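**Q** Got a sequence here, can you model it:
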Amino acid sequence: MIHPSIFGYLAEFDDPTALVAAAEKVYAEGYRKIDTYTPFPIEAATEAIGFHTTRLPLVVLIGGLTGLATAFGMQYWISAIDYPINVGGRPFNSWPAFVIVCFELTVLFSAISAVVGMFALNGLPMPYHPVFNVPRFKAASNDGFFLVIEATDPRFDVAGTSDFLHGLDAAGVWEVQY
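**A** Numbering: from 1, shown residues only. From the prediction side, this is the model:
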């Protein structure tokens with residue numbers, strides 16, 4: 001059940017090992033709308049919460065193919081349809097001459113789609129997040145290791161989730177309000 005004023009529960013742990021162990025238990029319990037916040041990347045925490053794939057490579061591939069099609073189509077249109085000039089007896093649609101521009105636009109569109117896709121998939125820019133309402137969360141950029149279970153998770157229960165997090169030997173558990 002979704003609670004409109006509650007974003008979820010935030011639990012703090014003393015070290016990365018305790019955070020990873022807690023994240024594995026939370027995931028094993030069936031929670032899926034979970035996230036971790038740490039001052040440095042912890043690959044084991046990412047794996048523990050079940051985050052294994054990203055759609056960014058597909059976004060970059062689509063961007064690159066769009067750049068390739070744009071470059072080829074533009075050059076074909078210009079040289080064969082709009083302004084055909086017979087140079088050296090070559091056909092108007094001489095594709096070897098198109099290779100450099102096709103390569104450049106493929107790289108350009110791939111790079112732009114990677115940046116835009118990264119921002120979009122990460123939900124950026126995000127100047128405000130509900131976890132900022134917890135005063136202790138300021139330690140996340142310094143020495144805090146936090147795990148949050150969102151209220152939108154199907155297994156979320158106000159009392160049960162709080163008790164579960166307390167049972168994981170968390171240094172503190174806070175209710176996160178919107």
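
**Q** Only C-alpha atoms from now on, for both contacts and neighbour counts.
**A** Will do.

**Q** any idea how far the residue of the chain most remote from its centre lies from residue 81?
**A** Distance from the centre of the chain peaks at residue 89, with 51.4 Å (CA atoms, centre = their mean). Using CA to CA, to the nearest Å, we find residue 89 at a distance of 17 Å from residue 81.

**Q** How about residue 60?
**A** The gap separating residue 60 from residue 81 is 30 Å, by CA to CA.

**Q** Tell me which of the two has more neighbours.
**A** Neighbours were counted for residue 60 and for residue 81 using other CA atoms under 10 Å; residue 60 has more, 23 against 12.

**Q** you'd agree residue 79 is up against residue 85?
**A** Yes. Here residue 79 lies in contact with residue 85, judged by CA atoms under 8 Å, at a distance of 6.9 Å.

**Q** and for those two, which residues touch both?
**A** Common neighbours of residue 79 and residue 85, using CA atoms under 8 Å, 6 or more residues apart in numbering, are residue 92.

**Q** in the chain, which ranges drop under the pLDDT threshold?
**A** For the chain, the stretches flagged by pLDDT under 70 are 1-3.

**Q** Need the single longest helix in it, by residues.
**A** If you go by DSSP state H, the chain has its longest helix at helix 99-121.

**Q** neighbouring contacts of stretch 84-96?
**A** Applying CA under 8 Å, 6+ apart, the contact partners of stretch 84-96 are 76, 78, 79, 80.

**Q** which residue sits closest to the third one, ignoring its sequence neighbours?
**A** So the one you mean is residue 79. residue 92 (5.7 Å; CA to CA, 6 or more residues apart in numbering).

**Q** and the one you found, that's in a helix?
**A** No. Using DSSP: H, G, I helix; E, B strand; the rest coil, the assignment for residue 92 is coil, not a helix.

**Q** any idea how far residue 82 is from it?
**A** For residue 92, the distance to residue 82 - CA to CA - is 11 Å.

**Q** neighbour-wise, which of the two wins?
**A** Between residue 92 and residue 82, residue 92 has the larger neighbour count (other CA under 10 Å), namely 17 against 10.

**Q** As a check, name the ranges of all helices in this protein.
**A** Per DSSP H, the chain carries helices over the ranges 16-29, 43-48, 56-76, 99-121, 158-166.

**Q** Between helix 16-29 and the last one, find me the angle.
**A** Same thing as helix 158-166. With axes from the mean of the first three to the mean of the last three CA atoms, to 10 degrees defining the directions, helix 158-166 sits at 140 degrees from helix 16-29.

**Q** Which strands or helices does helix 158-166 pack on?
**A** Packed against helix 158-166 by the contact rule (3 or more CA pairs under 8 Å, 6 or more residues apart in numbering; DSSP states H and E) you find strand 6-13, strand 172-177.
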